[in-house]
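[1] Build the 3D model from these lines:
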Amino acid sequence: MRMRNTVVLGLVLLAAGPMAAEESAAARFATLIEREWAWRLAEFPTLATAVGVHDFDDRLEDASLAAYARRDGETAAFLAELAGIDRAALGEADRVDFDIFRRQLVERRETFHFGEHLLPLNADSGFHTSFALLHRSCPFATPRDFENYLARLEAFPAWLDQHVERMREGVRRGLTIPRATLDGIETTIEPLAAGSPDEHAVFAPFTRLPATFPAATREVLRERAREVVAEQVIPAYARFLAFMSGEYVPACRTSIAATALPDGEAWYDFLVRNFTTVEMSPRQIHQLGLDEMARLRGEMEAAMRDAGFAGDFGEFLAFLRTDPRFYAKTPEELLREASWIAKRADAALPRLFGRLPRQPYGVMAVPQELAPKYTSGRYAGSPRESTEPGWYWVNTHALDKRPLYNLEALTLHEAVPGHHLQGALAEEADEVRPFRRFDYISAFGEGWGLYAEYLGNEAGFYRDPYSRFGYLGYQAWRAARLVVDTGLHAFGWSRRQAIDYLAANTSLPLVEATSEVDRYISWPGQALSYYVGYLKIRELRQRAEAALGESFDLRAFHDELLRHGSVPLPVLESIVDAWIAAATPATP
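    Now for the predicted structure:
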């Protein structure tokens, strides 16, 4: 009896040993993640507000050089603690979290090492425009919410000065935005640096104070806001405008390649890996782009012939860019057309997805302070708890450069089934830890956006040859990015060479080809993520269709892709492989 009990006890201990080790590793890992997330929210109060944590709603983050150095040291300590946890002792789900968490920490350290904190803006936007839009992620339900926002407005001048401090350090170290991309950057600052406080972007919340507030409270809040905007916010923006035009832009580098910077080749290699999440060299990506462009050119020429056009490809592009039938005559017309496409896309969603987000979205014009330098459209999410919807922004500036034949593809990418659908579902995925739920991995998110354009083929879009050409032109635009981004930053291309390549090989209007190239120059590597991610999603779908045959369920496949939030492409591949294995019918 004792012997038997001893043997049984021994077997139990042998079985429990690995389980105990796993529980210990899992507990340490969970504690580390929770502690780092709490640290992250305290360090970045605007992030905390955006994700629904309101302990720091009256603060802006410390943006000083010293704070960045301190945070780098603290991130190194988190990484060291993570290295002391045995990944092999974790369960499968925790191993995925481990890899993504480590990636975030390494990325934070690498971006500091390469000096990205010294480059707080790009060709079309930056910290100065982000602050003007900060109110879109803030709560405004109580007088305290408005007081908190006023505290942030009062903190803005010092916060802006910290950014200027870092930019001056960038000049000292030779790390600046290329001067060629900053032509017209003042148009993103000037509307914020003058004018009436009541019409300023940051004053917007005080134009819609809740009627439930006492009249005296509403008046006090409005008057305080006018005073803060007039005496602190507008003068701070005016100082920044003077700094940009009189000091920073003249000191910016005349080179354009990331590889022209100190340690630039290593930086660009990091950016390529970071934005694509795969191991591909700039040369491999460049060749992939050339191959895809050759394939897409044939499809675009077929669409041109379907339209009955008798000239050559270049003549067709000139026709599309100049014929007034392809352009809205008023901003309202463009917004109406975008809204109609969006509602048609809404109607197609139940055929493609089993799970849809609870948060709605709306359509609006790109804010005027951004529009002149901005792309044709973008998605701007709102916090899950917000009374605001997500917003699909449509650029109504320069209407003769916003072709309607591109609008179907643009809308599917930015609204649904693209960024709004993916982003809202990610925020609603409560089973995913917050450090992942609120992360955005460009190769997945932008790859999904481009895949959403592809889904238009299955949702009843691109039925006339012009909209089909617009869709193919958008595909070519993203494939061309593989050629242009690597050409600019690894192979010595000039700005003019890049603009000419986009203009000759895509359906982009010339003004947008120019703004796009300036974006690629000032934000190296990011443009690579779209097509690399798209090809991986297409590859994984084809793999699942081949493996499952008639049992393949497209709605279930899409739900599986989206329920994990934003993930690196190798993780996405392992997720799909596991889903295929689970969905494969058992062999009799």
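[2] first to last residue in stretch 49-65, what's the distance?
    End-to-end span of stretch 49-65 (C-alpha to C-alpha, to the nearest Å): 23 Å.
[3] Show me what counts as buried in that stretch.
    Judged by neighbour count using 16 or more other C-beta atoms under 10 Å, the buried positions of stretch 49-65 are 49-51, 53-54, 56-64. Where you see a C-beta, it was placed from the backbone N, CA and C, and this is true even at glycine.
[4] Stretch 526-543 now?
    In stretch 526-543, counting by 16+ other C-beta under 10 Å, buried: 526-537, 540-541.
[5] got it, and stretch 309-327?
    So stretch 309-327, judged by 16+ other C-beta under 10 Å, has buried residues 309, 316, 317, 320, 321, 326, 327.
[6] Which one of the residues you listed is nearest to residue 236?
    residue 327 (38.3 Å; C-beta to C-beta).
[7] thought that closest one was touching residue 405?
    No - between residue 327 and residue 405 there is no contact under C-beta atoms under 8 Å: 9.6 Å.
[8] mind listing which of the buried residues of stretch 49-65 are in helices?
    If you go by DSSP state H, these have 49, 50 in helices.
[9] Out of the buried residues of stretch 49-65, which is nearest to residue 366?
    Using C-beta to C-beta, residue 50 comes nearest to residue 366 of the buried residues of stretch 49-65, at 20.0 Å.
[10] could you list every residue that touches that closest one?
    137, 383, 438 (C-beta atoms under 8 Å, 6 or more residues apart in numbering).
[11] Ok, residue 111 next?
    residue 117 are the contacts of residue 111 under C-beta under 8 Å, 6+ apart.
[12] what comes up buried for the host helix or strand of residue 302?
    Using DSSP states H and E, residue 302 sits within helix 282-306. Using 16+ other C-beta under 10 Å as the test for burial, helix 282-306 gives 282, 285, 286, 288, 289, 292, 293, 296, 300, 301, 303, 304.
[13] confidence score at the second one?
    Going back to what we said before, that points to residue 285. Per-residue confidence at residue 285 stands at 99 (pLDDT).
[14] pretty sure it contacts residue 529?
    No - taking contacts as C-beta under 8 Å, residue 285 lies outside contact range of residue 529: 10.7 Å.
[15] joint contacts of the two?
    residue 276.
[16] quick one: the helices in the stretch 251-400 of the chain?
    264-276, 282-306, 313-322, 331-352 (DSSP state H, counting those that start in this stretch).
[17] Out of the ones you listed, flag the one nearest residue 472.
    Residue 472 lies closest, by C-beta to C-beta, to one member of the helices of the stretch 251-400 of the chain: helix 282-306, at 4.8 Å.
[18] Return the list of helices and strands in contact with that closest one.
    helix 264-276, helix 313-322, helix 465-490, helix 529-548 (3 or more C-beta pairs under 8 Å, 6 or more residues apart in numbering; DSSP states H and E).
[19] Make a markdown table out of those helices and add distance to residue 127.
    Shown next, in a markdown table, are those (distance: least, C-beta to C-beta, whole Å):
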| stretch | distance to residue 127 |
| --- | --- |
| helix 264-276 | 20 |
| helix 313-322 | 34 |
| helix 465-490 | 23 |
| helix 529-548 | 22 |
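[20] Which residues does stretch 271-291 contact?
    Here stretch 271-291 has contacts from 107, 110, 258, 268-269, 441-444, 479-487, 489-491, 524-526, 528-529, 531-533, 536, 568-570, using C-beta under 8 Å, 6+ apart.
[21] buried subset of those residues?
    110, 258, 268-269, 441-444, 479-487, 489-490, 524-526, 528-529, 531-533, 536, 568-569.
[22] do you know how far the closest residue to residue 418 other than its chain neighbours is from residue 136?
    Leaving out its chain neighbours, the residue that sits closest to residue 418 by C-beta to C-beta, 6 or more residues apart in numbering is residue 452, at 3.6 Å. Per C-beta to C-beta, to the nearest Å, residue 452 is found 23 Å from residue 136.
[23] which one of these two has more residues nearby?
    Neighbour count, other C-beta atoms under 10 Å: between residue 452 and residue 136, residue 452 has more, with 27 against 17.
[24] Could you tell me the average pLDDT over the stretch of helix or strand residue 69 belongs to, please?
    Taking DSSP H and E as the definition, residue 69 sits inside helix 65-83. Computed over helix 65-83, the mean pLDDT rounds to 99.
[25] what's the answer for stretch 315-324, then?
    Taken as a whole, stretch 315-324 has an average pLDDT of 96.
[26] likewise stretch 334-344?
    On average, stretch 334-344 scores 98.
[27] Show me which positions of that stretch end up buried.
    For stretch 334-344, using 16+ other C-beta under 10 Å, the buried residues are 334, 335, 337, 338, 339, 341, 342, 344.
[28] For the first one, give its distance to residue 395.
    The one in question is residue 334. 9 Å.
[29] which residues do the two both contact?
    In contact with both residue 334 and residue 395: residue 402, using C-beta under 8 Å, 6+ apart.
[30] for the protein, what are the low-confidence residue spans?
    The chain contains residues with pLDDT under 70 at 1-23, 587-588.
[31] Could you break it into its assigned domains?
    Split into domains by automatic domain parsing, the chain comes to 15-113, 127-254, 266-535.
[32] In TSV: those, plus distance to residue 582.
    Shown next, in TSV, are these (distance: least, C-beta to C-beta, whole Å):
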stretch	distance to residue 582
domain 15-113	13
domain 127-254	37
domain 266-535	16
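[33] Can you tell me which of the ones you listed is packed in deepest?
    Per-stretch averages of neighbours, counted by mean count of other C-beta atoms under 10 Å, single out domain 266-535 among the domains of the chain, with a mean of 20.
[34] now the end-to-end length of that domain.
    26 Å.
[35] so residue 140 sits in a strand?
    No - when DSSP: H, G, I helix; E, B strand; the rest coil is applied, residue 140 is found to be coil, with no strand at that position.
[36] Now it. Its backbone dihedrals?
    When read as degrees, to the nearest 10, the backbone of residue 140 gives phi -140, psi 60.
[37] got the contact list for it?
    By C-beta under 8 Å, 6+ apart, the residues touching residue 140 are 146, 149, 205, 208, 210.
[38] Out of those, flag the one nearest to residue 94.
    residue 149 (38.3 Å).
[39] unless I'm mixing things up, that closest one is touching residue 136, no?
    No - applying C-beta under 8 Å, one finds residue 149 not in contact with residue 136, separated by 11.4 Å.
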